[in-house]
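Trainee: show me how the following folds:
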Amino acid sequence: MSRWQPFDVADSHPDPFVQFATWYAEGSPLLPEPQAVSLSTASGNGRVSSRMVLLRHVGEGTFGWYTNYDSRKGRDLAENPYAALLWWCEPLGRQIRIEGPVVKASAEQSDAYFASRHRGHQLGALASQQSQAIASRDELMARFDQFDAQYANVPLERPGYWGGYLLTPQVIEFWQQRDDRLHDRVVYERDGELWRRERRQP
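Mentor: Here you go, the predicted structure:
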């Protein structure tokens, strides 16, 4: 499809998850890593940090990703369980912003996802004490090799410090790039069990 298609409230679906699925399906074939999203968190004293994560879950009213609970983002979410996600599709000039409270995914959901991962990724989760200082990459790889040998030919179980997070959106914004910076913005805000939509100025 061509770039910079007009987008107004009348073009949007009443359900923002359906609208997300539409834009995601249109943009995914054009992106090298369509699941990549920016995740922003803030500590208890308001220090904000952002990083890229992979969006591994969309549905049942939530958006989700997986990580080490002891990482910087995990510590932020323990202090301030609210986050923002940003999906960017440059070829179509689109971005989707998602904001809301965050909770940990169930142990069952995290177990199932961990079991589906490539063994190397599982070993990486065991070997890396995410966000902690380390002297060298050689030390990290030695830990990886240690776990690989220790659990050779044994199915790996999810470590308790690793799992999923689920964000329940309160606000979702669909932003469409247009000429002269007069972009189209349609914002959904949760109103109880319903969603309100409105166009906002660029």
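Trainee: any idea how far Arg197 is from the residue nearest the centre of the chain?
Mentor: By C-alpha atoms, centre = their mean, the chain has its centre lying nearest to Leu55, at 4.0 Å. Using C-beta to C-beta, to the nearest Å, Leu55 is found at 22 Å from Arg197. Where C-beta positions appear, they are placed from N, C-alpha and C, glycine not excepted.
Trainee: now the strand or helix carrying Glu26: average pLDDT?
Mentor: Counting by DSSP states H and E, the element that carries Glu26 is helix 16-27. Mean pLDDT, helix 16-27: 98.
Trainee: Gly61 is in contact with Thr168, isn't it?
Mentor: Yes - between Gly61 and Thr168 there is a contact at 6.0 Å, judged by C-beta atoms under 8 Å.
Trainee: look up the closest residue to Arg97, ignoring the ones flanking it.
Mentor: Glu173 (4.3 Å; C-beta to C-beta, 6 or more residues apart in numbering).
Trainee: can you point out the buried residues in the helix or strand containing the one you found?
Mentor: Glu173 belongs to strand 171-176 when assigned by DSSP H and E. Residues of strand 171-176 classed as buried by neighbour count (16 or more other C-beta atoms under 10 Å): Ile172, Glu173, Phe174, Trp175, Gln176.
Trainee: got the phi/psi numbers for Leu77?
Mentor: Reported as degrees, to the nearest 10, the phi and psi values for Leu77 are phi -70, psi -30.
Trainee: contact partners of the helix holding Glu26?
Mentor: 1, 12-13, 34, 58-59, 61, 87, 89, 91-92, 94, 96, 169, 172, 174, 188, 195 (C-beta atoms under 8 Å, 6 or more residues apart in numbering).
Trainee: all strands of the protein, in order?
Mentor: Assignment of strands within the chain using DSSP state E yields the ranges 36-42, 48-54, 57-59, 62-68, 82-89, 94-104, 162-167, 171-176, 184-191, 194-200.
Trainee: per-residue confidence at Arg3?
Mentor: So Arg3 comes in at 79 (pLDDT).
Trainee: next: Arg190.
Mentor: pLDDT, Arg190: 97.
Trainee: next, count neighbours for the nearest residue in space to it that is not next to it in sequence.
Mentor: Nearest residue to Arg190, sequence neighbours excluded (C-beta to C-beta, 6+ apart): Gln170, at 5.0 Å. Look at Gln170: counted by other C-beta atoms under 10 Å, it has 14 neighbours.
Trainee: so Gln170 is in contact with Gly100, correct?
Mentor: Yes - counting by C-beta under 8 Å, Gly100 is a contact partner of Gln170 at 4.3 Å.
Trainee: now Pro159: how far from Ala105?
Mentor: Taken as C-beta to C-beta, the span from Pro159 to Ala105 is 15 Å.
Trainee: now swap in Arg200 and tell me
Mentor: 32 Å.
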